[in-house]
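**Q** from the sequence below, what's the structure:
(chains A and B)
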Amino acid sequence: EAGVAQSPRYKIIEKRQSVAFWCNPISGHATLYWYQQILGQGPKLLIQFQNNGVVDDSQLPKDRFSAERLKGVDSTLKIQPAKLEDSAVYLCASSLDGTSPQFFGPGTRLTVL
Amino acid sequence: AQKVTQAQTEISVVEKEDVTLDCVYETRDTTYYLFWYKQPPSGELVFLIRRNSFDEQNEISGRYSWNFQKSTSSFNFTITASQVVDSAVYFCALRNNAGNMLTFGGGTRLMVKP
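**A** Sure, this is the predicted structure:
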C-alpha cells in the first residue's frame, strides 16, 4: 500500500515570497493533517480536514497560511508571504478516520532566506 | 491543556545495550490515547504504538516494550539489545478523546554506536 506522498521534498525561497506544498494521503483515508516541525521540536498541528471540511485550524496563522482539500483527497498548504520563522519541515499525515492512528509523509523542508 | 514532556533530549548508547526513553504527560481528560513515533534521518514519522488510558497492560513487540503507569502519568519506551538502525528521534504524543489532535513531546534523539 502506498504511503502519504508529499512534494516538493525541499524548497528554498526568500522572505515575502509565496510557496505551496502538496499532499496525497493514503487511499481511503478520510482525515488529513498538516503539521509544522521546527528544527529540534516536535510537530505542531496546523490544520485537520475531515474529507473536504476543516475540523481544526486553531493553530494555523491565517494571516499568511491557507490550506484546502477541495475534493476530499489531495491537499495543498500555502504560505503567502513567507517569513524567516516559517523555516521548518511541513509534514502531512492521514488517518482512516478521526480516531485512527496517523501515518506521516516524508515532509517538505522549507528554508526561508 | 495537554502537555508531553520528554526530558531526555539526547541519549547515546553502544550497540546491544538496553535503553529507556522517558515520557511524562499532562491532561485533564479521563479518556486519552498515547503514542510513540520514530523519526529516522529520512524525516518520515513512523507509527510504533497506540495505547488508550484504560489499558495499563505493558506491551512487548520484539525488542520494543512500553511501560504505561497512569499513577505517574508516564509512558516509557524501552529498546532491548539496541542496534545501529534504532538511531533516530523518538516522539511521544498524546491525544484526547474529543478529537484527533496530537500533542507531541520535544523528542529524544537516540544514537546507537557500533
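**Q** show me where pLDDT drops low in chain A?
**A** A:1 (pLDDT under 70).
**Q** who are the neighbours in contact with the residue positioned nearest the centre of it?
**A** The centre of chain A sits closest to A:W34, judged by CA atoms, centre = their mean, with a distance of 3.1 Å. Going by CB atoms under 8 Å, 6 or more residues apart in numbering or on different chains, A:W34 touches A:C23, A:L45, A:L46, A:I47, A:A67, A:S75, A:L77, A:Y90, A:L91, A:C92. Every C-beta, even on glycine, is put in place using the N, C-alpha and C of the backbone.
**Q** state the distance from the fifth one to A:P81.
**A** When CB to CB, to the nearest Å is the yardstick, A:A67 and A:P81 sit 16 Å from each other.
**Q** out of the two, which sits in the busier spot?
**A** A:A67 (23 against 15; other CB atoms under 10 Å in any protein chain shown).
**Q** so the more buried one makes contact with A:S75?
**A** Yes - with contact defined as CB atoms under 8 Å, A:A67 counts as touching A:S75 (6.3 Å).
**Q** need the residues touching each of those two.
**A** In contact with both A:A67 and A:S75: A:W34, A:F49, using CB under 8 Å, 6+ apart.
**Q** tell me which residue of chain A lies closest to chain B.
**A** A:G42 (3.0 Å; CB to the nearest CB).
**Q** what is the neighbour count of that residue?
**A** For A:G42, using other CB under 10 Å, the count is 22.
**Q** ok, it - contacts?
**A** Here A:G42 is in contact with B:V4, B:F91, B:A93, B:F104, B:G105, B:G106, B:G107 (CB under 8 Å, 6+ apart).
**Q** now for those, which pair is the farthest apart?
**A** The largest separation in the contacts of A:G42, counting by CB to CB, is between B:A93 and B:G106 at 11.1 Å.
**Q** these two: who's more crowded?
**A** Neighbour count, other CB under 10 Å: between B:A93 and B:G106, B:A93 has more, with 25 against 16.
**Q** which stretches of chain A form helices?
**A** With DSSP state H, there are no helices along chain A.
**Q** what residues does chain A have near chain B?
**A** Proximity of chain A to chain B (CB under 8 Å from any CB of the partner chain) is limited to residues A:3, A:31, A:33, A:40-45, A:48, A:55-56, A:89, A:91, A:93, A:95, A:98-99, A:101-107, A:109.
**Q** which of those are buried?
**A** A:31, A:33, A:42-45, A:48, A:55-56, A:89, A:91, A:93, A:95, A:101-107, A:109 (16 or more other CB atoms under 10 Å in any protein chain shown).
**Q** what does the pLDDT read for B:F77?
**A** What the model reports for B:F77 is a pLDDT of 96.
**Q** that one and A:I12: what is the separation?
**A** From B:F77 over to A:I12 (counting by CB to CB), the distance is 35 Å.
**Q** more neighbours, these two?
**A** B:F77 (22 against 12).
**Q** the more buried one: what's it in contact with?
**A** B:F77 neighbours (CB under 8 Å, 6+ apart): B:T20, B:L21, B:C23, B:W36, B:L48, B:Y64, B:S65, B:W66, B:N67, B:Y90, B:C92.
**Q** please repeat the previous calculation with a cut-off of 10 Å.
**A** Counting by CB atoms under 10 Å, 6 or more residues apart in numbering or on different chains, B:F77 touches B:6, B:19-23, B:36, B:38, B:48-49, B:64-67, B:90, B:92, B:108, B:110.
**Q** one more: A:R16?
**A** Contacts of A:R16 (CB under 10 Å, 6+ apart): A:Q80, A:P81, A:A82, A:K83, A:V112.
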